[in-house]
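S.K.: requesting a structural model of the entry that follows:
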Amino acid sequence: MNLLILGGTVFLGRHLAELALKRGHSVTLFNRGSHSDVLPDIEQLHGERDGDLEVLKGRKWDAVIDTSGYVPRVVRKSASLLAHLTDHYTFISSISVYEDFSKQNLDEEAVRGKLKDESVEDIGDGNYGPLKALCESAVQEKFPGHSLIVRPGLIVGPYDPTDRFSYWPWRMKKGGNVLAPGNPQAHVQWIDVRDLASFVLDLVEKKQTGVYHATGPSSPLTMKQFLEACRDTLNPAARLQWIPEEFLLNQGVAYWSEVPLWIPKEANMDGFLAVDNRKAIKAGLTFRPIQETIRDTAEWLKTRPTNHEWKAGMDANREKELLTLHCDKNE
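M.R.: Below is the predicted model of the structure:
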């Protein structure tokens, strides 16, 4: 196939491009050129999605995969142009599109979130999910019956720029007393970027349409099982110290960012890390062992600069302070 990937040099796009080449596809990337040193052997067309798309005109592709759409106006602009250049459009959305995560096992038909003002383009302040939902609608409008919407959960693995999963392999590798947050039986979900890339390409090759959740693993996984897998895989000497979420919240600890993968009960988001992924599994989504994702992430982290500024995770001094405070409180 002759594929166009919008984005293609950062995280999921990079894995998609590399895997597509391995499968024998012809790949073109459209991006701003900010990472032109990545995948230098693949044709790259440079431009701004919110600017001039002239460089795309006059070309034809068998399918387009959009990994970098966040604002509906911008997505509609590129989809309008590409509607004349391809007959299949895949949009990488997010499970964040849903209005209410208070219940577990949401399926693809659950109600999506809405913006009071649909002209808003700031992805902060809770707008990210509803904006993604509007982006989905823009694609479906321009490609009626010819679009594929994939809603991943938390995407993890090598090249992850968010650190929301990477923190745990890194922290466990360091060893010592590791702050483990909240309820050990809380559900967690994620998708290895390589499993996601494989699933997306499988569907694109079939010109599949419709909407699919893409998150895993195949059976429920708890925070305790995950952290113990990190420990057993990377550093069996590390010691998990479980701290109740009430204590963490009282100390002003930020869930999800300061302590990745932790969402307290009071957030009323039990379903955010427990969506229904059966439709995608039936369509062919598979998952590598979680130990492989943990190990490969830890190996990739070794390649980053030592002065890397972490975007998520807890400061070592802060963690030590909290562990000591909790210990003193319970003596």
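
S.K.: okay, CA-based contacts and neighbour counts for the rest of this
M.R.: OK.

S.K.: how long is stretch 105-121 from one end to the other?
M.R.: Terminal residues of stretch 105-121 lie 29 Å apart, using C-alpha to C-alpha, to the nearest Å.

S.K.: quick one: contacts of that stretch?
M.R.: Residues from elsewhere that reach stretch 105-121 (C-alpha atoms under 8 Å, 6 or more residues apart in numbering): 71, 97-100, 127, 129-131, 133, 211-213, 271, 274-277.

S.K.: any regions of this structure where pLDDT drops low?
M.R.: 331 (pLDDT under 70).

S.K.: show me where it has strands.
M.R.: 2-6, 26-31, 43-46, 63-66, 89-92, 147-152, 155-156, 177-181, 187-192, 210-214, 216-222, 239-243 (DSSP state E).

S.K.: make a markdown table from these and add mean neighbour count and distance to residue 55 to it.
M.R.: Output for these, formatted as a markdown table (neighbours: other C-alpha atoms under 10 Å; distance: least, C-alpha to C-alpha, whole Å):
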| stretch | mean neighbour count | distance to residue 55 |
| --- | --- | --- |
| strand 2-6 | 22 | 12 |
| strand 26-31 | 21 | 9 |
| strand 43-46 | 17 | 7 |
| strand 63-66 | 24 | 15 |
| strand 89-92 | 26 | 18 |
| strand 147-152 | 24 | 23 |
| strand 155-156 | 24 | 30 |
| strand 177-181 | 20 | 49 |
| strand 187-192 | 23 | 33 |
| strand 210-214 | 23 | 29 |
| strand 216-222 | 17 | 38 |
| strand 239-243 | 17 | 53 |
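
S.K.: tabulate these (CSV), appending distance to residue 288.
M.R.: Listed next are the strands of the chain as CSV, based on distance: least, C-alpha to C-alpha, whole Å:
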stretch, distance to residue 288
strand 2-6, 25
strand 26-31, 26
strand 43-46, 30
strand 63-66, 23
strand 89-92, 21
strand 147-152, 16
strand 155-156, 12
strand 177-181, 24
strand 187-192, 8
strand 210-214, 14
strand 216-222, 9
strand 239-243, 25
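
S.K.: looking at these, which is nearest to residue 57?
M.R.: strand 43-46 (11.2 Å; C-alpha to C-alpha).

S.K.: how far does that closest one sit from the chain's center?
M.R.: Centroid separation between strand 43-46 and its chain, computed with C-alpha atoms, centre = their mean, to the nearest Å, is 24 Å.

S.K.: same question, stretch 205-225
M.R.: The answer for stretch 205-225 is 12 Å, by C-alpha atoms, centre = their mean.

S.K.: quick one, which of the strands of the chain is nearest to residue 123?
M.R.: strand 89-92 (15.7 Å).

S.K.: direction included, what does that closest one pair up with?
M.R.: With DSSP bridges as the test, strand 89-92 is paired with strand 63-66 (parallel), strand 147-152 (parallel).

S.K.: quick one: those as a markdown table, columns for distance to residue 91 too.
M.R.: Shown next, in a markdown table, are the strands paired with strand 89-92 (distance: least, C-alpha to C-alpha, whole Å):
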| stretch | distance to residue 91 |
| --- | --- |
| strand 63-66 | 5 |
| strand 147-152 | 5 |
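
S.K.: with that, I have no additional questions.
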